[in-house]
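Engineer: Below are the sequence and a predicted model; questions follow.
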Amino acid sequence: MENNQPNADGVKTSGTHITCWTDTVQQREFETLNQDIKADVTVIGAGIAGLTVAYCLAKAGKQVVVLEDGLVGSGETGRTTAHIANALDDRYSELAELFGEEGARHAAESHTAAIDLVEKIVTEEHIDCDFKRVDGYLFLHPSDDKKSLDEELEATHKAGLQTAMLDASDMPSIAAVDGPVLKFPQQAQFHPLKYLNGLADAFTRLGGKIYTKTHANTKTMKDGYIEANDHKVTAEYTVVATNSPINDWAAMHTKQSPYRSYVIVAKVPKDAITPALWWDTGDQDSVWPSMPYNYVRTQPFNEQYDLLIHGGADHKTGQANKEEELEEDRYQRLESWLRKHFPQAGEIVYRWSGQVMEPVDDLGFIGKNPGDEKVYIVTGDSGNGMTHGTLAGILITDLITGVENPWTKLYDPGRITLKMTSLKTFVHEQYSTLSQYVDFLLPSDVESLQQIKPGEAAIVGRPNKVAVYRDDAGAFHAYTAICPHMGCVVQWNNDEKSFDCPCHGSRFTCEGKVINGPALSDLAPVETPKQ
Ligand SMILES: Cc1cc2nc3c(=O)[nH]c(=O)nc-3n(C[C@H](O)[C@H](O)[C@H](O)COP(=O)(O)OP(=O)(O)OC[C@H]3O[C@@H](n4cnc5c(N)ncnc54)[C@H](O)[C@@H]3O)c2cc1C
Ligand code: FES
């Protein structure tokens with residue numbers, strides 16, 4: 001396997017595996033904040049959401065600064081698979097049940113508008129990012145039955161989408177699938193980091209400022225400024241685009257749950273596979289309410305090869321053991337599926353995982369942070385962050401500039417959806433979170449620290465839990481295993497070499513440094529236990 005080395009500097013993305021995106025593009029780096037500054041709007045996070053919001057606001061004449069902890073695309077946008085789709089993770093039939101037919105129509109319209117906006121920005125800003133319109137195909141997971149596609153055909157038509165029911169044999173390039181297939185025309189794909197670099201450049205051409213390696217702390221936001229690298233950033237409005245919102249302690253984190261999704265990438269001979277997006281309808285018997293599904297696309301690579309990118313095998317963050325399949329073992333399941341359905345797949349050249357935020361009522365959150373007047377958030381993307389993050393550019397710009405938008409209400413972070421399907425998911429996810437507090441009573445992962453291999457870690461002690469990492473030279477480093485957010489016990493993710501919190505998805509490097517919120521601070525160092 002090539003190009004699958006751990007990322008030593010910890011700054012490129014939120015895990016150690018290098019992705020086919022970070023490996024083929026130099027992520028943009030800008031100056032680090034070293035003085036107090038003022039602007040109209042501060043945007044925290046330079047992923048697709050933060051940069052699209054910043055770009056759209058700058059276009060509308062606002063003076064905008066972006067603060068980014070790592071480099072451009074250091075978060076989940078560097079670990080995505082970048083299907084740009086209005087075929088959403090959750091079915092339109094469910095959206096109609098939860099938000100009514102008008103809500104489902106607004107979801108279809110707004111995600112279609114987001115695909116169009118990406119295309120417009122690519123064209124107007126001359127961004128060379130392999131953008132391509134492709135068709136998408138939704139086919140049955142073996143655990144599902146035809147009725148679900150029939151319902152979806154009807155629901156998508158009512159929502160205004162031009163879908164069509166075909167037979168599996170009408171799909172290009174894929175094998176071992178029978179039965180009906182729902183075709184979603186005019187979807188798209190791109191290289192997400194080439195796009196972000198182009199967007200960052202376009203934004204700075206408009207006079208915007210980006211500060212990288214600049215860690216924002218929102219604790220002082222109520223006083224009208226943010227602290228970043230010990231400097232004050234003062235602005236009338238703040239947009240928190242950190243994927244999991246770092247400004248919110250509890251409210252939003254009860255409305256969504258963090259999941260880990262896995263990706264493998266195989267080489268295929270150039271043009272052997274017709275570009276398209278393929279999705280199955282998800283495992284209906286899964287222990288997870290999100291019903292993980294397989295998702296596949298291609299990407300041009302070099303003169304000889306294309307890449308075939310396959311994702312799936314999701315589980316709730318920090319809870320892989322619930323299916324008795326550790327994080328690093330999930331790639332094998334993906335590979336068996338890929339070889340069965342795409343016999344053209346050659347050598348696996350990349351693999352990685354990333355985190356997605358799953359909202360309890362199926363739709364993401366874009367808009368005013370509940371309880372705040374001038375703070376906006378973007379979160380709860382599910383696997384639709386490319387369109388959702390782009391849509392944030394439209395909606396947050398309209399909200400800040402006072403333009404009425406018919407889609408605002410649908411994505412309001414303050415909404416409460418009292419329908420049985422979302423309540424069932426809410427109860428399931430809250431139970432799953434609360435049951436993590438029992439982890440204090442569990443025995444140590446290892447009986448002796450000597451059992452920890454170099455480059456690995458374990459959670460030891462009871463009830464005082466300690467996270468112990470053994471570096472490549474064999475030395476031990478110990479931190480409290482108690483997440484600074486709300487006190488759950490973090491779990492070791494041996495695949496991406498991070499400590500992941502099973503409650504709301506905060507993550508920390510093997511050195512205890514916070515990678516993403518809601519936690520704002522690191523795991524504090526403690527004395528190495530004698531074990
Ligand atoms: C494996 C996988 C496959 C996916 N596939 C698809 C797909 O095919 N299609 C699709 O639409 N979506 C997909 N998604 C979802 C999509 O990638 C994400 O929803 C999207 O990239 C999130 O973008 P974002 O800008 O909100 O967050 P991010 O890209 O995570 O950006 C947030 C940024 O905030 C920065 N940050 C965090 N805290 C701070 C702080 N305190 N100070 C300063 N900066 C901070 C981070 O460094 C990061 O760069 C996938 C996700 C995964 C993990
Ligand atoms: S992320 Fe909430 S307790 Fe850890």
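Structural biologist: Great, that's in hand. Since the structure is predicted, the reported quantities are computational estimates derived from the model, not experimental observations. Ligands and ions are numbered 1, 2, ... in the order given.
Engineer: can we go C-alpha only for contacts and neighbour counts from here?
Structural biologist: Noted.
Engineer: Would you mind naming what in this structure lies close to ligand 2?
Structural biologist: Proximity of the chain to ligand 2 (CA under 6 Å from any ligand atom) is limited to residues 483, 485-488, 501, 503-506, 518-519.
Engineer: Could you rerun that using 5 Å?
Structural biologist: 483, 485-488, 501, 504-506 (CA under 5 Å from any ligand atom).
Engineer: So how do I select the buried members of the residues you listed in PyMOL?
Structural biologist: Buried members of the residues of the chain next to ligand 2 can be picked out in PyMOL with the line below, counting by 16 or more other CA atoms under 10 Å:
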select buried, resi 483+485+488+501+504+505+506
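Engineer: from the residues of the chain next to ligand 2, which ones fall inside helices?
Structural biologist: In helices, defined here by DSSP state H, there are no members of the residues of the chain next to ligand 2.
Engineer: Pull the most distant pair out of the residues of the chain next to ligand 2.
Structural biologist: Gly487 and Gly505 (12.2 Å; CA to CA).
Engineer: Of all residues in the chain, which one is nearest the centre?
Structural biologist: Val356 (3.8 Å; CA atoms, centre = their mean).
Engineer: Can you tell me the SS state at that one?
Structural biologist: Val356 falls in the strand class when you classify it by DSSP: H, G, I helix; E, B strand; the rest coil.
Engineer: who does it bridge with?
Structural biologist: Beta-bridge partners for Val356, by DSSP bridges, are Tyr259.
Engineer: show me the contacts for it.
Structural biologist: If you count contacts by CA atoms under 8 Å, 6 or more residues apart in numbering, Val356 has them with 76, 258-261, 380-383.
Engineer: Leu442 now?
Structural biologist: Shown in contact with Leu442 (CA under 8 Å, 6+ apart): 462-463.
Engineer: distance of it from ligand 2?
Structural biologist: Applying CA to the nearest ligand atom, to the nearest Å, the value for Leu442 to ligand 2 is 17 Å.
Engineer: For this structure, which segments count as helices?
Structural biologist: Using DSSP H, helices in the chain cover 48-59, 92-124, 146-158, 192-205, 330-341, 385-401, 420-434.
Engineer: For these, give me a markdown table that also has mean neighbour count.
Structural biologist: Formatted as a markdown table, those follow (neighbours: other CA atoms under 10 Å):
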| stretch | mean neighbour count |
| --- | --- |
| helix 48-59 | 27 |
| helix 92-124 | 19 |
| helix 146-158 | 17 |
| helix 192-205 | 22 |
| helix 330-341 | 16 |
| helix 385-401 | 23 |
| helix 420-434 | 16 |
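Engineer: I'd like these written out as TSV, with distance to Ala457 and mean pLDDT added.
Structural biologist: TSV is the format used below for those (distance: least, CA to CA, whole Å; pLDDT from 0 to 100):
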stretch	distance to Ala457	mean pLDDT
helix 48-59	32	98
helix 92-124	41	97
helix 146-158	43	97
helix 192-205	31	98
helix 330-341	19	97
helix 385-401	31	98
helix 420-434	23	65
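Engineer: Go through those and name the closest to Asp372.
Structural biologist: Here helix 385-401 is closest among the helices of the chain (CA to CA), at 13.2 Å.
Engineer: so how far is the closest one from its chain's centroid?
Structural biologist: How far helix 385-401 lies from its chain's middle: 16 Å, per CA atoms, centre = their mean, to the nearest Å.
Engineer: need the contact list for the closest residue to Thr80 other than its chain neighbours.
Structural biologist: What sits nearest to Thr80 in space, not counting adjacent residues and going by CA to CA, 6 or more residues apart in numbering, is Gly354, at 7.3 Å. Gly354 is in contact with 14-15, 76, 79-80, 260-262, counting by CA under 8 Å, 6+ apart.
Engineer: Next: Ala235.
Structural biologist: 38-42, 224-225.
Engineer: Mark which of those are buried, thanks.
Structural biologist: 39-42, 225.
Engineer: Would you confirm that Asp361 contacts Tyr411?
Structural biologist: No: the pair Asp361 / Tyr411 is not scored as a contact, 10.8 Å apart, by CA atoms under 8 Å.
Engineer: Compare the two and say which is more crowded by neighbours.
Structural biologist: Asp361 (26 against 22; other CA atoms under 10 Å).
Engineer: check contacts around the residue nearest to Lys513 when sequence neighbours are not counted.
Structural biologist: In space, and not counting its chain neighbours, Lys513 is closest to Asp522: 4.7 Å by CA to CA, 6+ apart. Counting by CA under 8 Å, 6+ apart, Asp522 makes contact with 484, 508, 512-514.
Engineer: let's see 6 Å
Structural biologist: Residues in contact with Asp522 (CA atoms under 6 Å, 6 or more residues apart in numbering) are 512-514.
Engineer: State the distance from it to ligand 2.
Structural biologist: For Asp522, the distance to ligand 2 (CA to the nearest ligand atom) stands at 11 Å.
Engineer: Looks like Ile37 contacts Val233 (just checking).
Structural biologist: Yes: Ile37 lies in contact with Val233 (CA atoms under 6 Å); the separation is 5.0 Å.
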